[in-house]
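*Asks:* after the sequence you'll find the predicted model.
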Amino acid sequence: MNMIKQLKMKFKDEFYKKLGKQAIIDKLQLIDEFETKYKPNTNSIAMKKWCTDYEYRKREWAFRQGIANLNERISR
């Protein structure tokens, strides 16, 4: 990805908006059931955090962008 394109990219949180509130509520209920039946693990904690925290989603997006950019630079 060239630098101009990279600088223009901004986090938009579109996937979360497309899911809708009911889908998020359903997912949080599934996470609670899982954690009750078993116990919290890193995946369930991360998914709960993703569903409830805008800043977490933003940081996760930035992390994925960084990995993609690194892979692009390495593969040149």
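*Replies:* Structure received.

*Asks:* what sits closest to Met9 if chain neighbours are left out?
*Replies:* Computed as C-beta to C-beta, 6 or more residues apart in numbering, the closest residue to Met9 that is not its neighbour in sequence is Gln65, at 6.7 Å. Where C-beta positions appear, they are placed from N, C-alpha and C, glycine not excepted.

*Asks:* where's the one you found, which helix or strand?
*Replies:* Per DSSP states H and E, Gln65 falls inside helix 54-74.

*Asks:* what's the answer for Lys10, then?
*Replies:* Going by DSSP H and E, Lys10 is not in any helix or strand.

*Asks:* separation between it and Gln65?
*Replies:* Between Lys10 and Gln65 the computed distance is 10 Å (C-beta to C-beta, to the nearest Å).

*Asks:* more neighbours: these two, which one.
*Replies:* With other C-beta atoms under 10 Å as the criterion, Lys10 and Gln65 differ in neighbour count, and Gln65 comes out ahead with 14 against 7.
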